[in-house]
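Undergrad: need a structure here:
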Amino acid sequence: MVKLTIDGIEVVVPNGSSVIQAADAAGVEIPRFCYHERLSVAGNCRMCLVEIEKMPPKPVASCGQPVSEGMVVHTDTEMVRKGRRGVMEFLLINHPLDCPICDQGGECDLQDEAMGYGRDHSRYDENKRAVGQKDWGPLVKTVMTRCIHCTRCVRFTSEVAGVPELGATARGENMEIGTYVQKALSSELSGNIIDLCPVGALTSKPYAFTARTWELRKTDSIDVLDAVGANIRIDARGAEVLRILPRINDEVNEEWLGDKSRFSVDGLKRRRLDRPWLREGAKLRAASWEEAFATIANRIKGVPGDRIGAIAGDLCDAESLLALKDMMIALGSQNFDCRQDGAALDAGRREFYLFNTTIAGIEEADALLIIGSNPRREAPVLNARIRKRWITGRLAVGLIGEAVDLTYQYTHVGSGPDALEGLTSGAHGFAEILKNAKKPMIILGQGALTRPDGAAVLAAAWALGVKFNMLNADWHGFNILHTAAARVGALDLGFLPGPEGKNLFAMLNGGVDVLWLLGADEFDTANIGANTFVIYQGHHGDAGARRADVILPGAAYTEKHGTYVNLEGRVQQGFMAVSPPGEAREDWRIVRAVSAYLGHALPYDDLAQLRAALARANPVFGQLGEVRRLAGTDVSAPAGEGGALLNDGFSPAVVNYYQTDPISRASPTMAACVATHYSPLAEAAE
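TA: A predicted model of the protein is given here:
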């Protein structure tokens with residue numbers, strides 16, 4: 001540790017820290033443009049000038065100056081102020097000063113720093129330069145005349161996203177940031193360069209000229225479009241959600257957010273269900289809530305409990321899952337399932353279905369084996385964390401499955417289960433890497449668990465973990481990578497068939513007479529029996545609604561208070577940003593109302609009572625924001641007979657990243673991304 005003094009404040013920081021990091025630790029503000037704590041040091045902008053005693057009498061860039069014992073730093077001397085004013089004058093020489101029409105207005109670093117540290121007049125009378133518009137795809141809007149060449153976007157795409165598509169061409173006044181060859185950005189994290197840009201050079205193309213930041217109502221929430229549980233902020237005006245931004249949580253998403261989670265916001269106002277509907281013949285007609293409830297009650301009356309079933313979707317909150325499960329049990333049914341994809345998951349112990357290493361724990365691993373997964377498309381933010389560890393040179397990665405670009409180098413161990421056997425026997429060289437690793441880990445994807453031999457793959461992966469010492473008192477290296485935000489919470493609540501219950505496949509093709517779909521749109525509804533009475537409760541007119549006999553309009557995640565459990569078992573809560581449209585209601589309230597009509601009123605009348613019931617159902621729901629890393633001392637295998645492994649290669653669970661749920665499928669922006677990146681022409685170009 002090093003002790004130094006900054007503006008009279010003594011501060012102790014780790015060896016190797018820079019002066020700007022020490023100033024941040026001391027609470028002293030130093031302006032900056034190019035410096036960012038999660039990116040490498042560039043030293044481009046020279047705005048972070050300071051004066052250091054016993055050094056040559058000139059301003060020093062604090063971002064690149066390492067600290068030393070006894071150093072005395074001054075951040076607000078006359079020399080420093082003059083230096084910053086000069087830097088700001090140079091930065092503004094070619095800036096167009098078009099703040100009134102710039103989307104960055106109100107949250108622009110250049111505006112703030114110019115007011116705080118710049119001159120009150122300009123001495124520049126020459127013509128300003130201009131840079132032509134660049135098309136980087138449907139997400140990022142560019143006005144590169146405003147660019148100050150901080151290179152944050154270049155460093156992010158190459159270092160964090162791992163897709164080095166941006167760079168600088170030419171030098172001096174002719175320097176431009178671009179893609180060299182005109183093309184759309186292909187990273188699933190490209191929207192983060194909008195947050196990083198300190199000026200208005202990079203802004204959101206779908207959000208362009210929509211609102212000013214001071215017009216927006218800001219609400220904290222949790223992203224549900226994948227299972228990572230990224231912390232987000234929902235910005236709304238009136239009854240409409242206008243944009244979604246990431247919130248900082250170093251344990252989960254740091255400060256990054258996937259493009260689908262950020263830009264599919266326009267899908268929240270399209271194809272919405274805003275009133276109940278009843279099917280009469282081949283057509284649906286609008287109905288009142290009373291009509292819908294009466295129709296459900298009349299249809300269920302007299303139906304045995306074992307002929308009633310429920311399937312939960314991927315975006316459900318824990319409150320609605322518990323309410324639906326309790327109602328099914330009250331009706332005498334044990335037929336409920338949360339696995340729309342039929343994944344062979346064992347809920348007997350929590351470690352069988354969690355990402356036990358935790359997301360932050362990836363940075364401790366020294367060997368990683370990925371089985372049947374493409375983390376880049378299934379969880380881009382988590383994939384960035386893997387790359388962050390890999391880029392240090394202390395993580396060896398192996399992949400079993402389809403060979404894809406993961407943004408980091410890996411050893412392709414094989415395509416199918418035979419590679420698992422090769423590692424078990426030691427025939428493949430990667431087995432030696434796993435054997436010598438101190439903290440090895442496995443990531444088992446849904447693509448490996450949804451196969452007919454999913455249970456056998458789960459057992460084989462667990463056996464690999466035991467063999468290579470991934471399960472011990474200090475480390476739990478066995479991880480399931482979920483793709484559904486509701487999955488872990490549903491497993492925690494036991495939303496699985498009871499001892500006499502039917503799973504998803506048994507409920508299809510006439511397996512039940514009444515089927516309740518709670519936002520379930522990710523399975524083939526054509527397999528539902530022709531005579532099965534289907535109740536669909538959800539917020540979008542997607543696959544489930546098209547098959548429904550009764551439609552009950554629910555609320556999207558931005559329109560309700562909800563509890564979600566991410567893939568590592570962290571319980572988090574989102575809050576209502578806007579009200580549901582029309583007559584739509586929060587999902588648990590709908591289930592509660594139906595239960596009263598059926599004569600089995602649920603024992604909770606408000607959200608507080610329901611959340612108390614959640615904590616009673618599983619104590620983890622009383623531990624908000626916490627995640628407890630499990631010890632891997634119990635090596636007993638998942639329950640059930642694994643059976644024989646098939647010879648087919650593993651396929652990733654997510655092929656089309658941009659459209660995986662009703663919200664993103666309703667989004668015109670996501671449709672534009674699909675046309676850009678997944679069209680035959682785009683694939684041929686790649």
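Undergrad: from now on I want contacts and neighbour counts done on CA atoms only, so please keep to that.
TA: Fine.
Undergrad: helices and strands around whatever helix or strand residue 325 lives in, which ones?
TA: Per DSSP states H and E, residue 325 falls inside helix 318-330. Helix 318-330 sits against strand 308-312, strand 335-337, helix 487-492, strand 562-565, helix 587-597, helix 607-617, with contacts defined as 3 or more Cα pairs under 8 Å, 6 or more residues apart in numbering; DSSP states H and E.
Undergrad: nearest to residue 650, of these?
TA: Closest to residue 650 of the helices and strands packed on helix 318-330 is helix 487-492 (Cα to Cα; 21.2 Å).
Undergrad: for whichever helix or strand comes after that closest one, which positions count as buried?
TA: For helix 487-492, the following helix or strand on the C-terminal side (DSSP H and E) is helix 504-507. By neighbour count with 16 or more other Cα atoms under 10 Å, helix 504-507 contains the buried residues 504, 507.
Undergrad: name the helices or strands packed onto helix 504-507?
TA: Helices and strands touching helix 504-507, by 3+ Cα pairs under 8 Å, 6+ apart, are strand 335-337.
Undergrad: other SSEs contacting the helix or strand following the strand it packs on?
TA: Scanning forward in sequence from strand 335-337 by DSSP H and E, the next helix or strand is strand 367-371. Applying 3+ Cα pairs under 8 Å, 6+ apart, we find strand 367-371 packed against strand 396-400, helix 430-436, strand 440-445.
Undergrad: quick one: mean pLDDT over the shortest one.
TA: Yep, that's strand 396-400 we're talking about. Strand 396-400 shows a mean pLDDT of 97.
Undergrad: please compute how far that strand lies from its chain's middle.
TA: Taking Cα atoms, centre = their mean, to the nearest Å, one finds the center of strand 396-400 at 23 Å from the center of the full chain.
Undergrad: what's the angle between it and strand 440-445?
TA: Using axes from the mean of the first three to the mean of the last three Cα atoms, to 10 degrees, the direction of strand 396-400 lies 30 degrees away from that of strand 440-445.
Undergrad: what strands line up against the helix or strand harbouring residue 235, and which way round?
TA: Secondary structure from DSSP H and E places residue 235 in strand 231-237. Here strand 231-237 has these sheet partners by DSSP bridges: strand 217-222 (antiparallel), strand 240-246 (antiparallel).
Undergrad: reformat those as CSV; add mean neighbour count.
TA: Shown next, in CSV, are those (neighbours: other Cα atoms under 10 Å):
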stretch, mean neighbour count
strand 217-222, 20
strand 240-246, 21
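Undergrad: can you put those strands in CSV and add mean pLDDT and distance to residue 18?
TA: Output for the strands paired with strand 231-237, formatted as CSV (pLDDT from 0 to 100; distance: least, Cα to Cα, whole Å):
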stretch, mean pLDDT, distance to residue 18
strand 217-222, 97, 33
strand 240-246, 97, 27
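Undergrad: in a markdown table: those strands, plus distance to residue 14.
TA: Below are the strands paired with strand 231-237 laid out as a markdown table (distance: least, Cα to Cα, whole Å):
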| stretch | distance to residue 14 |
| --- | --- |
| strand 217-222 | 33 |
| strand 240-246 | 28 |
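Undergrad: tell me which of those strands lies nearest to residue 676.
TA: Nearest of the strands paired with strand 231-237 (Cα to Cα): strand 240-246, 21.6 Å.
Undergrad: mind listing what residue 476 touches?
TA: Contacts here follow Cα atoms under 8 Å, 6 or more residues apart in numbering; on that basis residue 476 touches 356-357, 441, 470, 629-632.
Undergrad: where does residue 38 fall, secondary structure wise?
TA: Assessed by DSSP H and E, residue 38 sits outside every helix and strand.
Undergrad: tally of neighbours for it?
TA: Around residue 38 there are 12 other residues, counting by other Cα atoms under 10 Å.
Undergrad: which ones are touching residue 143?
TA: 131, 133-134, 200-202.
Undergrad: for residue 380, same thing?
TA: By Cα under 8 Å, 6+ apart, the contact set of residue 380 is 188-189, 258.
Undergrad: tell me the spacing between it and residue 482.
TA: Shown here: residue 380 relative to residue 482, a distance of 12 Å by Cα to Cα, to the nearest Å.
Undergrad: tell me, what's touching these two both at once?
TA: With Cα under 8 Å, 6+ apart, residue 380 and residue 482 have no common neighbours.
Undergrad: hang on, the earlier thing: got the contacts of residue 476 as CSV, with distance to residue 236 columns?
TA: Output for the contacts of residue 476, formatted as CSV (distance: Cα to Cα, whole Å):
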residue, distance to residue 236
356, 35
357, 36
441, 41
470, 45
629, 36
630, 39
631, 42
632, 44
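Undergrad: among those residues, which has the minimum pLDDT value?
TA: residue 632 (78).
Undergrad: so what's that residue up against?
TA: Under the criterion of Cα under 8 Å, 6+ apart, the neighbours of residue 632 are 470-477.
Undergrad: where's it relative to residue 463, distance?
TA: 13 Å.
Undergrad: most neighbours, which of the contacts of residue 632?
TA: Highest count within these by other Cα under 10 Å belongs to residue 477, 31 neighbours.
Undergrad: ok, it touching residue 437?
TA: No - here residue 477 does not reach residue 437: they are 11.3 Å apart, not a contact under Cα atoms under 8 Å.
Undergrad: neighbours of residue 11, how many?
TA: Other residues lying near residue 11 total 15 when counted by other Cα under 10 Å.
Undergrad: picking that back up, now render the helices and strands packed on strand 367-371 as CSV, adding mean neighbour count and distance to residue 658.
TA: As requested, these are exported to CSV (neighbours: other Cα atoms under 10 Å; distance: least, Cα to Cα, whole Å):
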stretch, mean neighbour count, distance to residue 658
strand 396-400, 24, 23
helix 430-436, 18, 33
strand 440-445, 27, 18
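Undergrad: next, format those as a markdown table and append distance to residue 495.
TA: Putting those into a markdown table (distance: least, Cα to Cα, whole Å) gives the following:
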| stretch | distance to residue 495 |
| --- | --- |
| strand 396-400 | 30 |
| helix 430-436 | 35 |
| strand 440-445 | 20 |
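Undergrad: nearest spatial neighbour of residue 219, skipping sequence neighbours?
TA: Among residues not flanking residue 219 along the chain, residue 234 sits closest, at 5.1 Å (Cα to Cα, 6 or more residues apart in numbering).
Undergrad: so that neighbour touches residue 247, yeah?
TA: No - applying Cα under 8 Å, one finds residue 234 not in contact with residue 247, separated by 9.8 Å.
Undergrad: comparing these two, which residue is more hemmed in?
TA: Neighbours per residue, other Cα under 10 Å: of residue 234 and residue 247, the larger number sits with residue 234, 27 against 19.
Undergrad: roughly how far apart are that one and residue 619?
TA: For residue 234, the distance to residue 619 (Cα to Cα) stands at 29 Å.
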